[in-house]
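[1] Fold the following and give me the result.
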Amino acid sequence: MATTVNKQRLLGQVLARAPKSAPTVDDSGDGSGRGVLEQFIFGLCRECATTPQAEVAYANLKKKFYDWNEIRVSSYREIEETLDPLPGAESKAHRIIAFLQEVFEIHFSFDLDKFQKEGMKQAIKKLARFKSANDFICAWVTQRSLGGHAIPVDEPTMRCVVRLGLIDDETADLDTIRGSLEHQVAKVKGVSFTEAISEVACASCTENPRCNTCPFSDDCPSARVSEPEPPAPTTTPRRKPK
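    Next up is the predicted model:
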């Protein structure tokens, strides 16, 4: 179990690796100019991927299709091809279309920015009702558009923070993991942490980890455990004197 001092040191190392272009979050959002609906869709692209990968996929969507309504009435295959090679592109295509269809049926438009004027709890509750939403998406929109303190946790992030020892209980559920991270990471550092941990998780801390490429391998308990045992020293038997 990692001590508090070790966790803080690792957190400092993670934050030091945050992209210099990572936006800062204030009450008006993350500086990207995306509203609630846009952040929801971007979050769908971003789940289990890095932000640069999601930016490319999101830009392709905006470039290929005239507006959100055209995406809504397009085929899943068209959306999937636009998102490729994002991880889970097929599933994400289905979720994007289903989300836009649900928004249109409820609001007859594609504007959810009024959520920003409602109370935080009420806005999150409404977001969670969408069938395409999950804990990651709700936390992403909360962090990026609603001005709340939330750490989006997808599978790569969960895998990485558990291996690093930032989470003590490897069997903890998603709510516990996210709550622990939100306790350890200050709100003002939330975006930086999200970006940095994602980069490492997708580049090095994969299902088959490449610990030799990880910048945290010297302090990562999982990396130390996985290191091979050094060979036992060999000694040349001494010859008995004749």
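
[2] so what does the longest helix seen in the chain touch, helix or strand wise?
    Counting by DSSP state H, the longest helix found in the chain is helix 89-107. Under the contact criterion of 3 or more CB pairs under 8 Å, 6 or more residues apart in numbering; DSSP states H and E, helix 89-107 touches helix 36-46, helix 68-72, helix 76-83. No exception for glycine: its C-beta is placed from N, CA and C like everyone else's.

[3] at 10 Å instead, please
    Applying 3 or more CB pairs under 10 Å, 6 or more residues apart in numbering; DSSP states H and E, one finds that helix 89-107 makes contact with helix 36-46, helix 51-64, helix 68-72, helix 76-83, helix 120-129.

[4] Out of those, which is the most enclosed?
    Sort these by mean neighbour count, taking mean count of other CB atoms under 10 Å, and helix 36-46 sits at the top with a mean of 24.

[5] That one versus helix 120-129: what angle between them?
    Angle between the axes of helix 36-46 and helix 120-129 is 50 degrees (criterion: axes from the mean of the first three to the mean of the last three CA atoms, to 10 degrees).

[6] mind checking which helix or strand of this structure has the lowest mean pLDDT?
    Every helix and strand in the chain was compared by mean pLDDT, DSSP states H and E; the lowest is helix 221-226, with a mean of 72.

[7] and residue 173, how many neighbours does it have?
    Residues near residue 173, counting by other CB atoms under 10 Å, number 9.

[8] For it, list the residues it contacts.
    Going by CB atoms under 10 Å, 6 or more residues apart in numbering, residue 173 touches residue 179.

[9] Need phi/psi at it.
    Recorded main-chain torsions at residue 173 are phi -80, psi 170, according to degrees, to the nearest 10.

[10] Same check on residue 216?
    phi -110, psi 10.

[11] can you check residue 152 too?
    phi -70, psi 130.

[12] What distance do you get for the nearest residue in space to residue 14 that is not next to it in sequence to residue 42?
    Nearest non-adjacent residue to residue 14, counting by CB to CB, 6 or more residues apart in numbering: residue 196, 5.0 Å away. From residue 196 over to residue 42 the distance is 18 Å, taken as CB to CB, to the nearest Å.

[13] cool, and residue 109?
    Going from residue 109 to residue 42 by CB to CB gives 19 Å.

[14] same check, this time on residue 165
    Separation of residue 165 from residue 42 (CB to CB): 30 Å.

[15] among the helices and strands packed on helix 89-107, which is nearest residue 6?
    Of all the helices and strands packed on helix 89-107, helix 51-64 sits nearest to residue 6, with 27.4 Å by CB to CB.

[16] so for that closest one, what's the average pLDDT?
    Here helix 51-64 scores 97 as its mean pLDDT.

[17] Tell me how far it lies from the chain's centre.
    Here the centre of helix 51-64 is set off from its chain's centre by 16 Å, with CA atoms, centre = their mean, to the nearest Å.

[18] Which strands or helices does that helix pack on?
    Secondary-structure packing of helix 51-64 (3+ CB pairs under 10 Å, 6+ apart): helix 36-46, helix 68-72, helix 76-83, helix 89-107, helix 190-203.

[19] okay, that helix in CSV with CA atoms only?
    The C-alpha trace of helix 51-64 is given here as CSV (Å, rounded to 0.1, in the frame of the first residue of the first chain):
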residue,chain,number,x,y,z
THR,A,51,-7.1,13.8,-26.4
PRO,A,52,-5.0,14.2,-29.6
GLN,A,53,-6.7,11.1,-31.0
ALA,A,54,-10.2,12.4,-30.0
GLU,A,55,-9.4,15.8,-31.5
VAL,A,56,-8.7,14.2,-34.9
ALA,A,57,-11.9,12.1,-34.8
TYR,A,58,-14.0,15.0,-33.6
ALA,A,59,-12.6,17.3,-36.3
ASN,A,60,-13.3,14.7,-38.9
LEU,A,61,-17.0,14.5,-37.7
LYS,A,62,-17.3,18.3,-38.0
LYS,A,63,-15.6,18.4,-41.4
LYS,A,64,-17.5,15.5,-43.1
